[in-house]
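>>> next come a sequence and a model predicted from it.
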Amino acid sequence: MLKIEHLKKQFDGQAVLRDVSLEVDPGDVITILGPSGSGKTTLLRCVSFLERADAGTLDFDGIRTDLHGADRRTVAAVRRKMGFVFQSYNLFSNMTALRNVTEGLTVARKLPKAEAERRAMAALERVGLADKRNAYPSQLSGGQQQRVAIARAMALEPDVILFDEPTSALDPELVGEVLAVMRRLAEDGMTMLVVTHELNFARQVSTRTLLMDGGVIVEQAPPEQFFTHPQQERTRQFLQSFREREGHVH
Amino acid sequence: MFNERVWKLLADSLWPLLSKGLTVTIPLTLASFTLGLALAMVAAFVQVAKVPVLRRLARFYIWVFRGTPMIVQLFIVFYGLPGLGVYVNSIPAAIIVFSLNTGAYAAETVRAAIESVPVGQFEAGYMVGMNYLQIMGRVVLPQAMRTAFPPLFNTLIGLVKDTSLAANITVVEMFRTAQLIAARTYDVFAMYCEVAVLYLLFCTFLTWVQHVCERKLEAGR
């Protein structure tokens, strides 16, 4: 359904992605782990054209395009089938929760207002925030804002949703509610690409787990294999360092 | 100093001054501010949107009008242009100069306010399928104008007082009216104090309006 081939990206001569290829099937929940600077966020941003890749191709639902040279219409066509959830939520701060969700439906998709509101309310209900429809982002907690952001992505009925460290900006006690919403979304069969540091989520929810480091995919495997029998030394190191850190906390 | 005769003069002058304030100073301010704000939005937008040529033109315009005294600009338009065969009446000349001046200052306010909106707002807009202009109009400008509101109101209050410069190009506004009465009666101190108090009242009223508007804006957030 979604196939990335030979994606390359440099920032100021510094290679952030060196020849990354990845294939995603419908219903896949792919978690991408890796240290900061490994290129995992840039991967999502290049696929959604928030960042222009230096090279690479994208095959997505019958759209085959160059990730570097795609024209405006192709970019719009790709984004039409793609949801994006940001680390810092990025809710429209001048709009209520409900309008955050309806805005794309009415303005971009040209849905009638009543239909857009019906769909938006259904999405807000699924993230458990129907009662907050009239609240502005500043009146919501970080966890609630991120759930509205997920509802905003869901309401557009995309074929895949990209999550860029969706819980990294949250207070620890708010992480659970967002992960619970994502878990339900995965159970409902949504195709998801999730950049995260939540190892438990990766282990329990994903269909495939990836480790990125130094701009390449070091290893990818089903989670039980990835976490119990990693093939690469780098993966063992990474998991080890995580366990040590968690050990310090508990 | 303020004997009975002076008090009577002050009382008799109140309505002539106030009526010029209401019929000339205020309309002159509002017309110039409205035009200036429209100009500022355009000059700010072409810079933020990096429109070729126009953004350079906007920089040049702001550079010239922020860098020269308003009274010199008034003299160039009203007394200078006729030398080139271009005749502009005093009130249109005043409106032209005041709006160009307001536009230059307000353009910087609006530009800074637009640039203060986090880039994530654009990215979120793109990812729900909106285009640049839709995001600008529905997401970024509404947020920017909220930020720009207090400094823009500052500019408006400044403009109320700056319209007195139009007295120099024969516009009979509130200050010019005070000058004419003072020239006739020689009660210079009293007349200029009276007109100062009237400017103060106008600006106090505007300060109150600003306060009410800001509370409304805050409530809508």
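Happy to help now that I have it.
>>> from the chain's centre, how far out does whichever strand or helix holds B:Leu200 sit?
Assessed by DSSP states H and E, B:Leu200 sits inside helix B:188-219. Put simply, helix B:188-219 sits 14 Å off its chain's centre (CA atoms, centre = their mean, to the nearest Å).
>>> remind me what that helix packs against, helices and strands.
Contacts of helix B:188-219 with other secondary structure elements, assessed using 3 or more CB pairs under 8 Å, 6 or more residues apart in numbering or on different chains; DSSP states H and E, are made with helix B:4-20, helix B:141-162, helix B:174-185. All C-beta spots, glycine's among them, are computed from the backbone N, C-alpha and C.
>>> mind giving me the packing neighbours of the second one?
Counting contacts by 3+ CB pairs under 8 Å, 6+ apart, helix B:141-162 packs against helix B:26-48, helix B:90-115, helix B:188-219.
>>> would you mark the buried spots in stretch B:147-160?
Of the residues in stretch B:147-160, those buried under the neighbour-count criterion (16 or more other CB atoms under 10 Å in any protein chain shown) are B:147-149, B:151-153, B:155-157, B:159-160.
>>> give the contact list for residue 96.
Picking chain A for this. Residues touching A:Thr96, when contacts are defined by CB atoms under 8 Å, 6 or more residues apart in numbering or on different chains, comprise A:133-136.
>>> sorry, should have said chain B
Counting by CB under 8 Å, 6+ apart, B:Ile96 touches B:77, B:88.
>>> one more time with 10 Å
Contacts were defined as CB atoms under 10 Å, 6 or more residues apart in numbering or on different chains; by that measure B:Ile96 touches B:32, B:35, B:73-74, B:77-78, B:88.
>>> how close does A:Ala76 get to chain B?
In this structure, A:Ala76 and chain B are separated by 7 Å, where distance is defined by CB to the nearest CB, to the nearest Å.
>>> oh, I was asking about A:Arg183
Distance of A:Arg183 to chain B, computed by CB to the nearest CB: 22 Å.
>>> which phi and psi does that residue have?
Backbone torsions of A:Arg183, given as degrees, to the nearest 10, read phi -60, psi -40.
>>> identify the residue spatially nearest to B:Gly36, adjacent ones excluded.
Take B:Gly36 and drop its neighbours on the chain: the residue closest to it by CB to CB, 6 or more residues apart in numbering or on different chains is B:Thr102, 2.9 Å away.
>>> got it, and A:Asp171?
For A:Asp171, the closest residue by CB to CB, 6+ apart turns out to be A:Gly142, at 6.4 Å.
>>> give me the pLDDT value at that neighbour.
For A:Gly142, the model assigns a pLDDT of 96.
>>> which residues touch it?
Under the criterion of CB under 10 Å, 6+ apart, the contact partners of A:Gly142 comprise A:88-89, A:167, A:169-171, A:174-175, A:177-178.
>>> okay, the residue lying closest to B:Gln47 once chain neighbours are set aside: pLDDT?
The shortest distance from B:Gln47 to any non-neighbouring residue, by CB to CB, 6+ apart, is to B:Arg55 (4.8 Å). What the model reports as pLDDT for B:Arg55 is 96.
>>> again with B:Asn3
Predicted confidence (pLDDT) for B:Asn3: 87.
>>> tell me how far B:Asp187 lies from A:Leu210.
Using CB to CB, to the nearest Å, we find B:Asp187 at a distance of 86 Å from A:Leu210.
>>> low-confidence regions, the chain specifically.
Using chain A. In the predicted model of chain A, residues A:247-250 satisfy pLDDT under 70.
>>> looking at chain B here, not the other one
Low-confidence segments of chain B, defined by pLDDT under 70, are located at B:1, B:219-221.
>>> so which residues on it come close to chain A?
B:117-132, B:134-135, B:137-146, B:220-221 (CB under 10 Å from any CB of the partner chain).
>>> let's go with 8 Å and repeat that
B:118, B:120-121, B:123-131, B:134, B:138-139, B:142-143, B:146, B:221 (CB under 8 Å from any CB of the partner chain).
>>> now name the helix or strand holding the most centrally placed residue in chain A.
Taking CA atoms, centre = their mean, the centroid of chain A lies closest to A:Phe163, which sits 1.4 Å from it. Using DSSP H and E, the element containing A:Phe163 is strand A:160-164.
>>> need the residues that contact that strand.
Under the contact criterion CB under 8 Å, 6+ apart, strand A:160-164 has outside partners A:1-2, A:24, A:41, A:44-45, A:47-48, A:81-87, A:150, A:153-154, A:182, A:185, A:190-196.
>>> from the residues you listed, which land in helices?
Among those, the subset assigned to helices under DSSP state H consists of A:41, A:44-45, A:47, A:150, A:153-154, A:182, A:185.
>>> before we move on, the earlier item: now the contacts of A:Gly142: which count as buried?
Among the contacts of A:Gly142, those classed as buried by neighbour count (16+ other CB under 10 Å) are A:88-89, A:167, A:170, A:174-175, A:177-178.
>>> which ones among those residues come in contact with chain B?
For chain B, the contacts drawn from the buried ones among the contacts of A:Gly142 by CB under 8 Å from any CB are A:Ser88.
>>> now the two most distant members of the buried ones among the contacts of A:Gly142.
When the buried ones among the contacts of A:Gly142 are compared pair by pair using CB to CB, the farthest-apart members prove to be A:Ser88 and A:Glu177, with a separation of 17.1 Å.
>>> any idea how far chain B is from A:Glu224?
In this structure, A:Glu224 and chain B are separated by 33 Å, where distance is defined by CB to the nearest CB.
>>> which residue, other than its chain neighbours, is closest to that residue?
A:Arg203 (7.9 Å).
>>> hang on, that neighbour in a helix?
Yes - per DSSP: H, G, I helix; E, B strand; the rest coil, A:Arg203 lies within a helix segment.
>>> ok, it - contacts?
If you count contacts by CB under 8 Å, 6+ apart, A:Arg203 has them with A:209, A:223-224, A:227.
>>> and of the helices and strands packed on helix B:141-162, who's closest to B:Ile62?
Across these, the minimum distance to B:Ile62, taken as CB to CB, is reached by helix B:90-115, at 4.7 Å.
>>> now do the strands in chain A.
Counting by DSSP state E, one finds strands in chain A at the ranges A:2-11, A:14-24, A:29-33, A:55-60, A:63-66, A:82-85, A:160-164, A:192-195, A:208-213, A:216-221.
>>> need those strands in JSON lines with distance to B:Glu214, can you?
Putting the strands of chain A into JSON lines (distance: least, CB to CB, whole Å) gives the following:
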{"stretch": "strand A:2-11", "distance to B:Glu214": "41"}
{"stretch": "strand A:14-24", "distance to B:Glu214": "44"}
{"stretch": "strand A:29-33", "distance to B:Glu214": "45"}
{"stretch": "strand A:55-60", "distance to B:Glu214": "47"}
{"stretch": "strand A:63-66", "distance to B:Glu214": "47"}
{"stretch": "strand A:82-85", "distance to B:Glu214": "34"}
{"stretch": "strand A:160-164", "distance to B:Glu214": "35"}
{"stretch": "strand A:192-195", "distance to B:Glu214": "40"}
{"stretch": "strand A:208-213", "distance to B:Glu214": "48"}
{"stretch": "strand A:216-221", "distance to B:Glu214": "52"}
